[in-house]
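> The sequence and its predicted three-dimensional model are supplied below.
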Amino acid sequence: ASDPNWPLFIAANRDEFHHRPALPAKPWPKNPNIIAGIDCLGHGSWLGMTRQGRFALLTNYRDASTAANTNAPSRGELVGQYLQNNVSPQDYSNAVQKVAQNYNGYNLIVGDLGSAWYSGNRTGAASATQLAPGRYVLTNHLLDTPWPKAQRLRNALDALPLSSLAVSLNPVFDSLKDDAVADDHLLPQTGLSLDKERLLSSPFIISPDYGTRCSSVIAIHASGQVFFSEVSYDPTGTASQRHDWPFTLVK
């Protein structure tokens, strides 16, 4: 983050088919050191962190012109494996980059209290990239690709003073629930129909089959206090449950 009092701030929506089973963010039964959601099919995750401050997040790369490999391993395992090990973010990212083509398209960010690294198998890079301090936005293309939904969220979150996080996370969740559809001339062209591109162009997606399943916020204060909250949504976009996991970093 760009505020020294808040060295890490993540606000994210998870978009997925509603029929795909998943468990909300919570301490993992076999490893309570990890707090993350669980994809019940792939047994990995899309976003999570450890009580020591290691974090990971992943998005799929959208390109409908390329057929997905149905035999590829689950991309979510890249998040789970990082959280369950103590390999440095740089070493982990570069190791994953060597086997990246085994997976369907993805973007991966892993980090700890010292550094964060970005990698993926559509970046064209042979190694991971260290992220300098600052603010970044990631959708289903490459890091900081200015898709309309990315720009809307960037503007909304840039206008949010991070000092307010200690008071309430609700303004962040309100920003993530932006369901404004982009104008047609601004839509990306990822090989989908115009109707699908419209549907997926909003930061918060609502449809009976596919949409925003949950919104998550992770914020670490310089004092070591961590706020990890997640709101789950049903297919109508109505909040169904909220989980809050405040804790203090373990050194």
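Done, it's in. Numbers count the residues shown, from 1 in each chain.

> use CA for all of it now, contacts and neighbours both
Noted.

> helices or strands next to the helix or strand residue 34 falls within in the packing?
Residue 34 is located in strand 31-39, with elements delineated by DSSP states H and E. For strand 31-39, the contact count by 3 or more C-alpha pairs under 8 Å, 6 or more residues apart in numbering; DSSP states H and E identifies strand 22-28, strand 47-50 as packing neighbours.

> after the shortest one, next one along is what?
Beyond strand 47-50 on the C-terminal side, the first helix or strand identified by DSSP H and E is strand 55-60.

> Quick one: distance of that following strand to the chain centre.
Here strand 55-60 shows a centroid-to-chain-centroid distance of 5 Å under the convention C-alpha atoms, centre = their mean, to the nearest Å.

> do you know how far the residue lying closest to residue 181 once chain neighbours are set aside is from residue 60?
In space, and not counting its chain neighbours, residue 181 is closest to residue 202: 4.8 Å by C-alpha to C-alpha, 6 or more residues apart in numbering. Here residue 202 is placed at a distance of 16 Å from residue 60 (C-alpha to C-alpha, to the nearest Å).

> How about residue 231?
21 Å.

> Over to residue 193?
Here residue 193 is placed at a distance of 18 Å from residue 60 (C-alpha to C-alpha).

> Between those two, tell me which one has more neighbours.
Just comparing residue 193 and residue 60: by other C-alpha atoms under 10 Å the higher neighbour count belongs to residue 60, 19 against 11.

> My read is that that one contacts residue 120, right?
No: under the criterion of C-alpha atoms under 8 Å, residue 60 lies out of contact with residue 120, with a separation of 9.5 Å.

> Show me whatever sits in contact with both of those two.
Contact criterion C-alpha atoms under 8 Å, 6 or more residues apart in numbering; residues shared by residue 60 and residue 120: 105-107.

> What helix or strand is the nearest residue to residue 128 once chain neighbours are set aside located in?
Leaving aside its sequence neighbours, residue 128 sits nearest to residue 119 (C-alpha to C-alpha, 6+ apart; 4.7 Å). Secondary-structure element containing residue 119, defined by DSSP H and E: strand 116-120.

> List the residues that contact residue 138.
With contacts defined as C-alpha under 8 Å, 6+ apart, the neighbours of residue 138 are 59, 144-145, 150.

> So which of these are in strands?
The strands, defined by DSSP state E, take in residue 59 from these.

> And the contacts of residue 138, which is closest to residue 8?
For residue 8, the closest of the contacts of residue 138 turns out to be residue 144, at 17.4 Å, with distances computed as C-alpha to C-alpha.

> Tell me who's in contact with that closest one.
Neighbouring residues of residue 144 by C-alpha under 8 Å, 6+ apart: 136-138, 150.
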